[in-house]
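Q: next input, structure requested:
(one chain, ligands or ions: 1)
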Amino acid sequence: MAWPLILVSERTLNVVASSLPADPSANRFTHLLATRPWLLADGATGSNLFDVGLMSGDAPELWNTEHPDRIANLHQSFVDAGADIILTNTFGGTVYRLKLHQAHGRMAELNQAAARIARAVADASGREVAVAGSMGPTGEIMEPIGTLTFDQAKAAFAEQALALAAGGVDVLWIETMSSREEVEAAVAGAAVAGLPIVCTLSFDTNGRTMMGISPSDFSGIEKSLSPRLAACGTNCGVGASEVVACIHNLAEAMGPDVVLVAKGNCGIPQYVDGAICYNGTPEIMALYARMALDAGARIIGGCCGTSAKHLRAMRDALESHTKSPSPTLEAILSQLGEVSTGARAQWGGEQSRLGGAAPGANLSRGRGGRSRRE
Ligand SMILES: [Zn+2]
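A: Numbers count the residues shown, from 1 in each chain. Predicted coordinates:
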């Protein structure tokens, strides 16, 4: 069943590549996508900045002006490890998130500074590296459950997008989203900058986002968006196995023409001595990268916990790998670990929440017998 999908996908890719304008400077991200079978995105921002002095509760975005060298060093480590796409240090760069640190008046300055730092590293790399402007959730709950209106959210994302574009990003990268309303507002806001848009959701709650969106739901949402996304997928979440299963479910729902992104955490978050650690090894992340590619992702990277060392292992794994049929659920379970009941039900074609939450789905224990947080 996976083979026809893969064949159509490669044919589509060739058509896109042959119709591309000869000028590669048109847009680096679009050009990379059209000319390469897969792209490596970067690793974590927050967890790696904690390693060089960021304290819990600090706004990482303030470092774009306080410690630009440390931000540049992080980007450089990912580029050296083989990243084709680096994300700006602007995940909490909307006025709503910056307001928590009394820095909302510096929104444009901090986002532009971040984009310039990443742009400089990408441009000095000697190869084609795209800069993606990271845009995370506002942290506010939107109407009708909360109070933030669509227009307010759209305006906040629009001003962030314009600042990132002014700083030189190639693509706007909306990530860790969980609600339909915020996805729609973020895409509508990002669109004002006129750049390609990527959007990834965190399917971290039994195969769905915190707000209940399944991969199948996201497929419907994506098709209704204007403009359509250049790529979409999943980031963060609860571990490599769940992300690969999610990519499989997204590929089934969205079809072969949608470019999928997998940016999974480096294993499962665990509390060790009061700090959050991630248990993924470079070997696990290498396996994850290959399986995510086979499951249908064309852009693969790491989220929380992913260091340059992990990313190098992923690059090597992808370069030495020939795309194969989508992995079976059994292969994911045995090589990467457990998959949630909800994601397993979706894999089997059961899309209702009730079906996904049904008791009695007997989870196999993956290697290492990791605990699940659901
Ligand atoms: Zn993450």
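
Q: give me the neighbour count for residue 39.
A: 24 (other C-beta atoms under 10 Å). Yep, even glycine has a C-beta here, placed from its N, CA and C like the rest.

Q: where does it land on pLDDT?
A: Looking at residue 39, its pLDDT stands at 98.

Q: gap between it and residue 263?
A: Distance of residue 39 to residue 263, given as C-beta to C-beta, to the nearest Å: 11 Å.

Q: list residues touching both of the two?
A: Common contacts of residue 39 and residue 263 (C-beta atoms under 8 Å, 6 or more residues apart in numbering): 299-300.

Q: number of residues surrounding the closest residue to the ion within the stretch 101-250 of the chain?
A: Residue nearest to the ion within the stretch 101-250 of the chain (C-beta to the ion): residue 236, separated by 3.2 Å. By other C-beta under 10 Å, the residues close to residue 236 number 20.

Q: report the beta-bridge partners for it.
A: Legend: beta-bridge partners of residue 236 under DSSP bridges are residue 264.

Q: surely it is in contact with residue 302?
A: No - with contact defined as C-beta atoms under 8 Å, residue 236 does not reach residue 302; the gap is 10.0 Å.

Q: overlap in contacts, those two.
A: Taking C-beta under 8 Å, 6+ apart as the contact rule, residue 236 and residue 302 both touch 263-265.

Q: nearest to residue 327 among the residues you listed?
A: Set against residue 327, the nearest of the shared contacts of residue 236 and residue 302 by C-beta to C-beta is residue 264 (14.3 Å).

Q: point out where the stretch 1-150 of the chain drops to low pLDDT.
A: Low-confidence segments of the stretch 1-150 of the chain, defined by pLDDT under 70: 1-25.

Q: interface residues of the protein facing the ion?
A: Taking C-beta under 5 Å from the ion as the contact definition, the chain meets the ion at 236, 265, 303-304.

Q: in TSV, list those residues along with pLDDT.
A: As requested, those are exported to TSV (pLDDT from 0 to 100):
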residue	pLDDT
236	95
265	95
303	97
304	95
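
Q: select only the buried ones of the residues you listed in ChimeraX?
A: To isolate the buried members of the residues of the chain next to the ion in ChimeraX, using 16 or more other C-beta atoms under 10 Å:
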select :236,265,303,304
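
Q: turn the residues of the chain next to the ion into TSV, including distance to residue 152.
A: As requested, the residues of the chain next to the ion are exported to TSV (distance: C-beta to C-beta, whole Å):
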residue	distance to residue 152
236	25
265	30
303	27
304	28
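
Q: do I have it right that residue 115 meets residue 162?
A: No - judged on C-beta under 8 Å, residue 115 makes no contact with residue 162 at a distance of 10.8 Å.

Q: so these two - more neighbours on which side?
A: Neighbour count, other C-beta under 10 Å: between residue 115 and residue 162, residue 115 has more, with 27 against 18.

Q: in which helix or strand would I find that one?
A: Using DSSP states H and E, residue 115 falls within helix 107-123.

Q: ranges for the helices of the stretch 201-350 of the chain?
A: For the stretch 201-350 of the chain, the helices defined by DSSP state H, counting those that start in this stretch cover 215-224, 240-254, 282-295, 308-319, 329-335, 341-347.

Q: buried set for the fifth one?
A: It stands for helix 329-335. 329, 332-333, 335.

Q: now tabulate those residues in a markdown table and tack on pLDDT.
A: Shown next, in a markdown table, are those (pLDDT from 0 to 100):
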| residue | pLDDT |
| --- | --- |
| 329 | 97 |
| 332 | 97 |
| 333 | 97 |
| 335 | 96 |
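
Q: just the residues you listed now: which is nearest residue 247?
A: Closest approach to residue 247 among the buried residues of helix 329-335 (C-beta to C-beta): residue 332, at 10.2 Å.

Q: who are the contact partners of the closest residue to residue 254 other than its chain neighbours?
A: Distances taken as C-beta to C-beta, 6 or more residues apart in numbering put residue 219 closest to residue 254, at 4.6 Å, once the chain neighbours are dropped. Shown in contact with residue 219 (C-beta under 8 Å, 6+ apart): 250, 253-254, 258.

Q: that'll do, ta.
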